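Enquirer: Show me the folded form of this:
(one chain, ligands or ions: 3)
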Amino acid sequence: MDTNKIEIRNLQVTPQKQWAAGIPAVVSAYKNVGGKVGPIKGTRLLTHLNQIEGFDCPGCAWPDPLGKRATFEFCENGAKAIADEATKEIVDATFFAQYSIAELKEKSDRWLNAQGRLVEPMFLAEGASHYKPISWELALGLTATHLSKLASPNEAAFYTSGRASNEAAFLYQLFVRQFGTNNLPDCSNMCHESSGVGLGETIGVGKGTVSLEDLEHAEAIFVFGQNPGSNHPRMLGSLQDAKRNGAKIVSINPLDETGLKRFKNPQEVSGVIGSGTALRDLHLPVKINGDVALLKGLCKALIERDESGLAVLDKDFIAEYCHGYEAFKLDMLATSWDDIIKHSGLTLSQINEAADIACKSKKTICCWAMGVTQHKNAVANIQLMTNLLMLQGNLGKPGAGVCPVRGHSNVQGDRTMGIWEKPSDALLDALQHTYQFDVPKEFGYDAVETVTAMAEQKLKVFFALGGNFYRAMPDHLLTKDALANCELTVQLSTKLNQSHLYTGKNALIMPVLGRTEIDKQASGIQTVTVENSMGVVQTSHGKIPPASNLLKSEIAIIAELADLTLDASHINWLGMKDDYSLIRDGIAEVIPGFEDFNRRIDELGEFVLPNAVRDARKFATDTQKANFVVHQIEPIAVPENCLLMMTIRSHDQFNTTVYTNNDRYRGIHGSRKVFFLSGQDIKALGFKVGDTVDIHSHWPDEHIQTRTAKGFTLVEFDIPQGSSAAYYPETNDLIPLSSVAEKSNTPAYKSVVVSLTAAS
Ligand SMILES: Nc1nc2c(c(=O)[nH]1)N[C@H]1C(S)=C(S)[C@@H](COP(=O)(O)OP(=O)(O)OC[C@H]3O[C@@H](n4cnc5c(=O)[nH]c(N)nc54)[C@H](O)[C@@H]3O)O[C@H]1N2
Ligand SMILES: Nc1nc2c(c(=O)[nH]1)N[C@H]1C(S)=C(S)[C@@H](COP(=O)(O)OP(=O)(O)OC[C@H]3O[C@@H](n4cnc5c(=O)[nH]c(N)nc54)[C@H](O)[C@@H]3O)O[C@H]1N2
Ligand SMILES: [Mo]
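Expert: Numbers count the residues shown, from 1 in each chain. Ligands and ions are numbered 1, 2, ... in the order given. Sure thing, here's the model as predicted:
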């Protein structure tokens, strides 16, 4: 049956919701956990979620309050994530005997995920129609043989999604580097890479500089390109606290996202029976990709006001800690208001209103997520945000700073542990010194380069520590063919997804323990650690029995594989598998800030990593100062009758994992095949609300100039003219691999030039 047709028939559109959370969120949390996991195990899970003695939420990377966690320290979408992992359903050998790969390719992302937990290792041999069970011994042996056969270690790439613990990530990069390559692409390459690159150049640290306490005590918070109501729901609680302390909140977003409008805190009586707290004071409906223009407008407004005699800027901070101010100032003064207004899509009075809020604040924070990192000029967005803060000395003081809000629960920790295709000399030297092997110096492939290398037949083995690489990447057509060139692809996974179907010639599924599950090794029950979005390292202890006794921990798989593959290694791989505290001893030696790691987590369960900008206003940049950087407004050319499209998440998905076809806050029910655009554009393009269209993307420089995604229903939405939106990953086909952010090479998932035709 055509699944498209069913989705369209089921679509119901209701008005956008005006507040987030409240009772419906609590009901949804318990319904998800109770329904999928069962009431007893479900309640046990929720009680341990984000507690010091419990496990870290496998949802987003939003931090827990230091030392004062509430009894219920979770949100609706965290509950969905654990229910999805702890589900009673299983995908075993009988399932794979029943469905061929060809049949599974016809199923939706949602259906695949809903089948349940992967519970035994499976092998897809070249030319076979079905996966067959395989023993762990053979699966690991086969992988080691393929790796050992390679002409060069650089013919393998090792991907990481951001759920791996610090211990798994450290062990993994150690194995990969002793194997001899830096081919360590990760989901950061598709996510906050632009933040890391942008911040590295401006302030010398690729991470945020604020704590939860700072956020709660800021006087102004600018939230750029973020939908926390769905993707970081616990952030709404922090914004509420900030608001109660008098902060002004500005949301910069083509959409007036529900979660930023009003929040009913389910932890409070008033959140249950009252009308909740209004959050954002000002919404700036910037055009897609209009942030550089807006940010230049804000910086210009501040500088012009200061030049006119108002004391707006922190001149002492600029003189003592910054570099490049004069050139920056000249560029801002030379940028015309006409250009700023035209390219941001905002009025002068809207920009002035935001500038008023900045001027009145002594402590300002900029938060951001994918709305600014997944564009061609993403690095410029991040640097201009940082520069805006620098103008008023808003770095390295309480209540102020940069706050990139990370995605996956341990994506930041994985980077800290060395999952990076461009390792620093310091990391490589420390590894060499501690483990006494010749470290590879040449940089490896990032995610986009990995696909290119596969397409050029330079890669033969692709190994994935979690995630859904095929589906998360742009340009599925190209990525599919690229992956098919590999001799072997290996997926360490908890749930079934399309990366198990679009594979290399041979493919392995290695099923792993999830965050919620008890991890018992030779020395007893193991603890792991993660680092949240604000640089706090904390423990995580699985609490429920594993979905199957055939599951292995990620660490056990990596250690056993390393032991099999690296004949001459002197590293005690199997010892580390038996006792994870030995991995932490290694981390303590290699990674700065982790000294005395085991003792600190044993005593406290959490600690804060040092951050030179926050702690001491020290900037490890080329100039040893915080750098102002000049950026021009470079609008994307949008031909007539075309629109810019952003690809966004719904409330009921986690990345490529789709829980339901609903997006409650945006009023979408029953279908994900929708295309959001303004009433004026629907009319101007000659369509009606509810029409079904095909979306075509346009890439003049590409060999494939037009790509098409079929059968989307037009939904009228409050969005600037010329801007439009559709859900990820259904629209990833439309984005060519070559459309990336400058410098960070992050796919430009959020500025896609599209046109529409009536559905074919
Ligand atoms: N429940 C749940 N939680 C998640 C995830 C999930 O899928 N589900 N994913 C996790 C991951 S890996 C990540 S990276 C984060 C993602 O968290 P978000 O970044 O909040 O997720 P997106 O849906 O990609 O939303 C991007 C926002 O940017 C806006 N936007 C798009 N283009 C522009 C632009 O040009 N300018 C501006 N100013 N805004 C723009 C969109 O309207 C949208 O509100 O969430 C993490 N948490
Ligand atoms: N068009 C478009 N594309 C995007 C984005 C976008 O905004 N628009 N966002 C990008 C972003 S920000 C990101 S981070 C990427 C996400 O890319 P990925 O991180 O690769 O994708 P996920 O969907 O999070 O991966 C889900 C799979 O991870 C596995 N998994 C879950 N938990 C575990 C675990 O504990 N261990 C192991 N080994 N496996 C586990 C399950 O099998 C599950 O099916 O997508 C990117 N792609
Ligand atoms: Mo992400």
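Enquirer: Pull the contacting residues for the closest residue to Cys403 other than its chain neighbours.
Expert: Using Cβ to Cβ, 6 or more residues apart in numbering and skipping residues adjacent in sequence, the residue nearest Cys403 is Cys367, 4.3 Å away. The way it works is simple: take the backbone N, C-alpha and C, and place the C-beta from them, glycine included. Taking Cβ atoms under 8 Å, 6 or more residues apart in numbering, we find Cys367 in contact with 215, 221-224, 226, 235, 403-405.
Enquirer: what about Cys367, which helix or strand?
Expert: strand 364-368 (DSSP states H and E).
Enquirer: what's the answer for Tyr30, then?
Expert: Assigned by DSSP H and E, Tyr30 falls in helix 22-37.
Enquirer: Just the buried residues of that helix, please?
Expert: 22, 24-26, 28-30, 32-34, 36-37 (16 or more other Cβ atoms under 10 Å).
Enquirer: do the next helix or strand after the strand holding Cys367 and ligand 1 meet?
Expert: Once the chain leaves strand 364-368, the next helix or strand it forms, by DSSP H and E, is helix 370-373. Yes. On the criterion Cβ under 6 Å from any ligand atom, helix 370-373 is in touch with ligand 1 at 370-372.
Enquirer: Summarise which helices and strands helix 370-373 is packed against.
Expert: The helices and strands touching helix 370-373, judged by 3 or more Cβ pairs under 8 Å, 6 or more residues apart in numbering; DSSP states H and E, are helix 193-203, helix 378-391.
Enquirer: Relative to Glu137, which of the ones you listed is closest?
Expert: helix 193-203 (37.4 Å; Cβ to Cβ).
Enquirer: And the closest one, what does it pack against?
Expert: Counting by 3+ Cβ pairs under 8 Å, 6+ apart, helix 193-203 packs on helix 370-373, helix 378-391, strand 401-404, strand 626-627.
Enquirer: Could you identify the helix or strand that succeeds that helix?
Expert: helix 212-216.
Enquirer: how near is Asn253 to Ser678?
Expert: 15 Å (Cβ to Cβ, to the nearest Å).
Enquirer: Which one of the two is surrounded by more residues?
Expert: Comparing Asn253 with Ser678 by other Cβ atoms under 10 Å, the one with more neighbours is Asn253, at 24 against 19.
Enquirer: for that one, what are its contacts?
Expert: 223-227, 260, 283-286, 371.
Enquirer: circling back to that earlier point, switch the helices and strands packed on helix 370-373 over to CSV; also include mean pLDDT.
Expert: Output for those, formatted as CSV (pLDDT from 0 to 100):
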stretch, mean pLDDT
helix 193-203, 98
helix 378-391, 98
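Enquirer: Can you pull the residues of the stretch 501-650 of the chain lying near ligand 1?
Expert: So far as Cβ under 6 Å from any ligand atom goes, the stretch 501-650 of the chain lies against ligand 1 at 646, 648-649.
Enquirer: Please repeat the previous calculation with a cut-off of 8 Å.
Expert: Contact residues (Cβ under 8 Å from any ligand atom) of the stretch 501-650 of the chain with ligand 1: 646-649.
Enquirer: Run through the chain and note the low-pLDDT ranges.
Expert: Scanning the chain with the threshold set as pLDDT under 70 gives 1-8, 702-704.
Enquirer: Mind splitting it into its structural domains?
Expert: 21-85, 91-188+413-538, 193-404, 643-758 (automatic domain parsing).
Enquirer: Kindly report the residues of the stretch 151-300 of the chain close to ligand 2.
Expert: 159, 161-164, 187-188, 190-192.
Enquirer: Export these as CSV, with columns for secondary structure, distance to ligand 3 and neighbour count.
Expert: Formatted as CSV, those follow (DSSP: H, G, I helix; E, B strand; the rest coil; distance: Cβ to the ion, whole Å; neighbours: other Cβ atoms under 10 Å):
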residue, secondary structure, distance to ligand 3, neighbour count
Tyr159, strand, 14, 27
Ser161, coil, 9, 25
Gly162, coil, 7, 29
Arg163, coil, 11, 27
Ala164, coil, 14, 32
Cys187, helix, 6, 25
Ser188, helix, 8, 29
Met190, helix, 7, 26
Cys191, coil, 3, 26
His192, coil, 7, 35
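Enquirer: From the residues you listed, pick the one nearest ligand 1.
Expert: The closest of those to ligand 1 turns out to be Cys191 (Cβ to the nearest ligand atom; 4.5 Å).
Enquirer: Nearest residue to the closest one in space, please, no chain neighbours.
Expert: In space, Cys191 is closest to Gly407, 5.1 Å off (Cβ to Cβ, 6+ apart).
Enquirer: Might you report the residue contacts of Val210?
Expert: So Val210 contacts 365, 400-403, 534, 614 (Cβ under 8 Å, 6+ apart).
Enquirer: do that again at 10 Å, thanks
Expert: 217-218, 221, 365-367, 394-395, 398-404, 533-535, 611, 613-614 (Cβ atoms under 10 Å, 6 or more residues apart in numbering).
Enquirer: For it, which non-adjacent residue is closest in space?
Expert: Gly401 is the one closest to Val210 (Cβ to Cβ, 6+ apart), at 4.1 Å.
Enquirer: same thing with Gln16?
Expert: Spatial nearest neighbour of Gln16, chain neighbours left out: Gly667 (5.1 Å); criterion: Cβ to Cβ, 6+ apart.
Enquirer: Now for the one you found: which residues touch it?
Expert: 12-17, 258, 715, 717 are the contacts of Gly667 under Cβ under 10 Å, 6+ apart.
Enquirer: Now the two most distant members of the residues you listed.
Expert: Gln12 and Thr258 (17.2 Å).
Enquirer: So those two - more neighbours on which side?
Expert: Per other Cβ under 10 Å, whichever of Gln12 and Thr258 has more neighbours is Thr258, with 22 against 10.
Enquirer: Mind picking the one among the contacts of Cys367 that's closest to Lys248?
Expert: For those, the nearest to Lys248 is Ile221 (7.5 Å; Cβ to Cβ).
Enquirer: in what helix or strand does the closest one lie?
Expert: strand 220-224.
Enquirer: swap in Ala242?
Expert: Assigned by DSSP H and E, Ala242 falls in helix 234-244.
Enquirer: Any part of that helix near ligand 1?
Expert: No. Applying Cβ under 8 Å from any ligand atom, one finds helix 234-244 out of contact with ligand 1, separated by at least 9.5 Å.
Enquirer: how far off strand 220-224 does that helix point, in degrees?
Expert: 150 degrees (axes from the mean of the first three to the mean of the last three Cα atoms, to 10 degrees).
Enquirer: next SSE after helix 234-244?
Expert: Past helix 234-244, the next helix or strand by DSSP H and E is strand 248-252.
Enquirer: Any chance you could list what contacts the helix or strand just after that next one?
Expert: Downstream of strand 248-252, the next assigned helix or strand under DSSP H and E is helix 258-261. Here helix 258-261 makes contact (Cβ under 10 Å, 6+ apart) with 16-21, 223, 226-233, 235-236, 239, 249-251, 253, 276, 278-280, 283, 651, 664-667.
Enquirer: what's the most centrally placed residue in the chain in contact with, if anything?
Expert: Central residue of the chain (Cα atoms, centre = their mean): Gly407, 3.2 Å from the mean position. With contacts defined as Cβ under 10 Å, 6+ apart, Gly407 is in contact with 59-61, 161-162, 187-188, 190-192, 231-232, 369-370, 373, 533, 649, 654-655.
Enquirer: which bits of the protein sit near ligand 3?
Expert: The chain has residues 191, 407 near ligand 3, with proximity defined as Cβ under 5 Å from the ion.
Enquirer: List the buried residues for the longest strand anywhere in the chain?
Expert: Looking across the chain with DSSP state E, the single longest strand is strand 706-716. Judged by neighbour count using 16+ other Cβ under 10 Å, the buried positions of strand 706-716 are 707, 709, 711-716.
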